[in-house]
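Starting from these lines, generate the structure:
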Amino acid sequence: MENDKRSGFILIDKAKGWTSFDVVAKLRSITGVKKIGHAGTLDPIATGLLIVAIGREATKQIDQYMKMDKEYIVKGKLGEISASYDTEEEIVENKVEPINKKEFKNTVAKYIGETDQIPPMFSAKKVGGKRLYELARQGKEIERQPVKINIMKLELLSFEYPWFELKVKCSSGTYIRSLVHDIGQNLKQGAVMYELRRTKIGEYNIDDAKLIEKITKANWQKKTALIL
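Sure thing, here's the model as predicted:
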C-alpha cells in the first residue's frame, strides 16, 4: 500500500550526472509512492526541467506533458566531432579554418521551421525492439528514419569561435545533440554539444523547479507545496 494518496506533478531541476530514472527512484524513496513517472527524458549530461508525475492519477495524464514544446540552452564547440554528438564519447578534432559570427548565424537560421531530423545512434529511441544506444555501444550503426520536428526559435546567445551558445524552442522529440551536429556538418566544421539545460516545458519554467536535495521525507509528510 502506498502511504500517501496525493497525486500530482512536481517540477524538478535535474542535476548533471543524474538519469531521469535516478530522479524517479529517489522520489519513490522520499515519498513512499511507487507509481511515479516522468515526462520527457533528460540525458545524464543534461540539466534542467523534468516534470515528474506522482501517484496513479497523475501518471495517467503524463502523455499530455510529454507532447508539450520544449526550450533549451545549449553550449557547443565547432571543429570537433564525436559518435554521440556530445562529450560522452571520444572527441576528435577537425583541422578546419575558423568561421565568423555572421556565417554561423546565417547557417543556424536555416534550421528554424519544420524539418526532418535523423535521431542519433546514441539515443533511447527504440528500433526493432532495441534502444539505439545499445546497438551503438556494440559498434553497430543502423539506418534511422527521419522524424518531423519543428524549431520555433533559435537565438544566438553568444559566439566566440569555436564556442557558441543557443536558446532553442522546439517541438517534442527534437534532439538538441543532433541539431548541434547538423549545424556543424552544414558548416563543414563538425560540432559537439558540451552543455544542455532544459528551461521550459510548455508553460512550466525552470525557475519554479526544485532541486532533488530540497525534497525530504519531512517536508513531503508535512504536505508542503510540492504538488502543482
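
hang on, isn't residue 14 packed against residue 47?
Yes. Counting by Cβ atoms under 8 Å, residue 47 is a contact partner of residue 14 at 5.8 Å. Placement of C-beta: from N, CA and C, glycine included.

Can you list the residue ranges for helices in this structure?
Under the criterion DSSP state H, the chain contains helices at 20-31, 56-60, 62-66, 101-109, 132-136, 176-186, 217-221.

By mean pLDDT, show me the worst of the ones you listed.
The stretch with the lowest mean pLDDT among the helices of the chain is helix 132-136, at a mean of 61.

Break this structure into its domains for me.
8-67+203-221, 70-201 (automatic domain parsing).

Switch those domains over to a markdown table; also include mean neighbour count.
Output for those, formatted as a markdown table (neighbours: other Cβ atoms under 10 Å):
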| stretch | mean neighbour count |
| --- | --- |
| domain 8-67+203-221 | 17 |
| domain 70-201 | 16 |
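
rewinding a little: JSON lines please, covering the helices of the chain and showing distance to residue 149.
Shown next, in JSON lines, are these (distance: least, Cβ to Cβ, whole Å):
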{"stretch": "helix 20-31", "distance to residue 149": "20"}
{"stretch": "helix 56-60", "distance to residue 149": "26"}
{"stretch": "helix 62-66", "distance to residue 149": "15"}
{"stretch": "helix 101-109", "distance to residue 149": "15"}
{"stretch": "helix 132-136", "distance to residue 149": "17"}
{"stretch": "helix 176-186", "distance to residue 149": "9"}
{"stretch": "helix 217-221", "distance to residue 149": "37"}
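
Can I get stretch 60-79 as PDB, trimmed to CA atoms?
Written as PDB, here are the backbone C-alpha positions of stretch 60-79 (Å, rounded to 0.1, in the frame of the first residue of the first chain):
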ATOM      1  CA  LYS A  60      -2.400   8.500 -16.300                       C
ATOM      2  CA  GLN A  61      -2.100  12.100 -17.600                       C
ATOM      3  CA  ILE A  62       1.600  12.100 -18.300                       C
ATOM      4  CA  ASP A  63       1.300  11.900 -22.100                       C
ATOM      5  CA  GLN A  64      -0.100  15.400 -22.400                       C
ATOM      6  CA  TYR A  65       3.000  16.800 -20.800                       C
ATOM      7  CA  MET A  66       5.400  14.800 -23.000                       C
ATOM      8  CA  LYS A  67       3.900  16.300 -26.100                       C
ATOM      9  CA  MET A  68       4.500  19.900 -25.000                       C
ATOM     10  CA  ASP A  69       7.000  22.200 -26.700                       C
ATOM     11  CA  LYS A  70      10.400  22.400 -25.000                       C
ATOM     12  CA  GLU A  71      13.000  25.200 -24.500                       C
ATOM     13  CA  TYR A  72      16.700  24.600 -24.000                       C
ATOM     14  CA  ILE A  73      20.000  26.500 -23.700                       C
ATOM     15  CA  VAL A  74      22.900  24.600 -25.400                       C
ATOM     16  CA  LYS A  75      26.600  25.200 -25.400                       C
ATOM     17  CA  GLY A  76      28.600  23.700 -28.300                       C
ATOM     18  CA  LYS A  77      32.000  23.700 -29.800                       C
ATOM     19  CA  LEU A  78      32.800  23.800 -33.500                       C
ATOM     20  CA  GLY A  79      35.700  22.000 -35.100                       C
END
